[in-house]
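Undergrad: What would the 3D arrangement of this be:
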Amino acid sequence: MPSISPGRRRDRHVYLRSHPLLFTLLSASRRMPVRRLGRTVLVNGADAYRQALTEVALDRTAAGTTGGSAQRLTGGDLLFDQEDAAHRRARRDISYVFDSAGVARTRPHWIDVLRRRVAPLAAGESVDLVDVAAELAGVATVSLLGLNADP
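TA: Below is the predicted model of the structure:
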């Protein structure tokens, strides 16, 4: 039997400790490709997983989902709360923004933020990663959408 690497062992430990019931259910049902437990669907295997992702209808506006929150906060008609063809069309319409050219256009801004914001680490100081992540998100949004705004 092949040995498990220390990294895999650590990962398994973290996942099992954080979601013990989920992994117990997955282990108990591993011989079944798909098992429904109430509103939860447990999927084992790449083909069954692919089928579940592409063929199971999702309620994008259900309470607790991103679409539900977006609809509640804004009145709707956002990318997150669209259904089927409208959702796919909206994603295709803005895909050019997130292509490799968009990433290449944004990369210098990310590098600038990272160099500036993590420089204090070299002096042994602490860095608030929440602030760094917020600035990176702002820079990416402004750059990818071509906005003239303070990130």
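Undergrad: and the helix or strand in which residue 13 is found, average pLDDT?
TA: Assigned by DSSP states H and E, residue 13 belongs to helix 6-18. Averaging pLDDT along helix 6-18 gives 83.
Undergrad: Quick one: distance of the host helix or strand of residue 130 to the chain centre.
TA: Residue 130 belongs to helix 129-145 when assigned by DSSP H and E. Remark: helix 129-145 is offset 16 Å from the chain centroid, using C-alpha atoms, centre = their mean, to the nearest Å.
Undergrad: Going forward, the N-terminal residue is numbered 24.
TA: Right, with 24 as the first residue, what we last looked at is helix 152-168.
Undergrad: who does it touch, helix- and strand-wise?
TA: If contacts are counted by 3 or more C-beta pairs under 8 Å, 6 or more residues apart in numbering; DSSP states H and E, helix 152-168 sits against helix 123-141. Heads up, the C-betas are built off the backbone N, CA and C, glycines and all.
Undergrad: about what we covered before: now the helix holding residue 153: buried residues?
TA: For helix 152-168, a neighbour-count test (16 or more other C-beta atoms under 10 Å) marks 158, 159, 161, 162, 163, 165, 166, 167 as buried.
Undergrad: Can you tell me which helix or strand of this protein has the lowest average pLDDT?
TA: Counting by mean pLDDT, DSSP states H and E, the weakest-scoring helix or strand in the chain turns out to be helix 107-117, with a mean of 74.
Undergrad: got the CA positions of it in PDB?
TA: Listed next in PDB are the C-alpha coordinates belonging to helix 107-117 (Å, rounded to 0.1, in the frame of the first residue of the first chain):
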ATOM      1  CA  ASP A 107     -30.000  29.500 -17.500                       C
ATOM      2  CA  ALA A 108     -29.600  31.200 -20.900                       C
ATOM      3  CA  ALA A 109     -29.600  34.700 -19.500                       C
ATOM      4  CA  HIS A 110     -26.900  33.900 -17.000                       C
ATOM      5  CA  ARG A 111     -24.700  32.200 -19.700                       C
ATOM      6  CA  ARG A 112     -25.300  35.200 -22.100                       C
ATOM      7  CA  ALA A 113     -24.300  37.700 -19.400                       C
ATOM      8  CA  ARG A 114     -21.200  35.800 -18.600                       C
ATOM      9  CA  ARG A 115     -20.200  35.600 -22.200                       C
ATOM     10  CA  ASP A 116     -20.900  39.300 -22.700                       C
ATOM     11  CA  ILE A 117     -18.300  40.300 -20.000                       C
END
